[in-house]
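Just need the structure, nothing else, for what follows:
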Amino acid sequence: MKGIILGLYNNFSCLAGRCNYTCCAGWRILVDNEAYRRFSGIQDKALRDFILPGIYESGGRKYFSTRSDGRCSMLDDDGLCHIQRNAGEEMLCNTCRKFPRLVSKHGGLLWVSMAASCPVTADYIVNKEIEFYMAGNKGDISVMKIQDIPFIAARIQKYKKLLQDYMAGIRTAKDYINMYGLFMDIADSVLEIIIENREIVYLEGCFDYFEEEKSAGQIVSQFKEFGQLFKAKYSRIMDNYLVYRVFSRYLSMPEEESHQMASQVFGEMLLVYIAAFSRYFTVAEAVNWEKIINWVYRLCVHSLRPGAKIHKLFCNVFSEYSF
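Below is the predicted model of the structure:
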């Protein structure tokens, strides 16, 4: 079957024990019925007695329970999966076995992407050039131009133009004050959603800047400082992120209207900027774009109910924009 493949896919390699993140943190993991039957039939009683108590049922579906820090109950202290370690990858539930691969069929094509909640994908977005390949029926693979991706090429080009125009704009002091007000409102709203959902892990410093009111002079000065340091880098990264997310969003929601998709993608990009801006002035470390993208993706994509609320917030923020 013909397919469109994100460039990272063929060269992907899990960091395993070298990974500083956890695949399943901040994510309610569905345990499919087939996997539950496998778990129930494990001959190793100690392993079976470890797994089954860590599964709960909600709304007719089964999920792995999470700890107070949002980590899956199946993880060992080193962050690796206890099930995979003791029974192999074939024992995993469908969700875990596929991660971070995203695969769907639409329009006679197989669409293949990778989740940005994986640090390898986040690193690809930040440090590489986003590429796509077309896989033929005979296994042949060729480079595919972004403007030739069916169904979404026009959207990508339109959104890229909007992003470029915005980044090229000249900001006044009033613009920075307005940006501060918008950022603070978004930070407050998202923080409320995070507090309501214990499985979401808060990224240190991502909204801390907005806890105390600032003078107009301080706001303008700090927005200018951040822009001068990171505007070019942010623009390049978000150009990548935009292409990646339109492709991945379409893969999972092919019938989504343009305004809904654009609001989500631009909302995530705005949240990346807010988190980077806040962490720059509140956390004593260099801005880690990979970490921020990883966290924003988990927050907006992995967490279903909170993600739906955040999507509604994004749609309200961009309600007056013509996408």
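
Count the neighbours of Gly60 for me.
Neighbour count of Gly60, defined by other C-beta atoms under 10 Å: 5. For every residue, glycine as well, the C-beta is placed using N, CA and C.

How confident is the prediction for it, by pLDDT?
Looking at Gly60, its pLDDT is 85.

Pull up the gap between Met114 and Leu102, please.
Using C-beta to C-beta, to the nearest Å, we find Met114 at a distance of 6 Å from Leu102.

Which one of these two is surrounded by more residues?
The neighbour comparison of Met114 against Leu102 (other C-beta under 10 Å) goes to Met114, with 23 against 20.

Would you confirm that that one contacts Gly7?
No - taking C-beta atoms under 8 Å as the definition, Met114 is not a contact partner of Gly7, at 9.6 Å.

Can you check which residues contact both of these two?
Both Met114 and Gly7 are in contact with Tyr124, where contact means C-beta atoms under 8 Å, 6 or more residues apart in numbering.

Next, the contact list for Ile152, please.
246-247, 250.

Equivalent analysis for Tyr56, please.
Listed by C-beta under 8 Å, 6+ apart, the contact set of Tyr56 reads 62-63, 65.

If we use 10 Å, what do you get?
31, 62-66, 73 (C-beta atoms under 10 Å, 6 or more residues apart in numbering).

Just to be sure, it is in a strand?
Yes - assessed by DSSP: H, G, I helix; E, B strand; the rest coil, Tyr56 belongs to a strand.

who touches both of Met114 and Leu102?
Counting by C-beta under 10 Å, 6+ apart, the common neighbours of Met114 and Leu102 are 6, 9, 121, 248.

Reformat the residues you listed as a markdown table; add distance to Gln228, secondary structure and pLDDT.
Shown next, in a markdown table, are the shared contacts of Met114 and Leu102 (distance: C-beta to C-beta, whole Å; DSSP: H, G, I helix; E, B strand; the rest coil; pLDDT from 0 to 100):
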| residue | distance to Gln228 | secondary structure | pLDDT |
| --- | --- | --- | --- |
| Leu6 | 33 | strand | 90 |
| Tyr9 | 36 | helix | 73 |
| Thr121 | 29 | helix | 92 |
| Ser248 | 31 | helix | 95 |
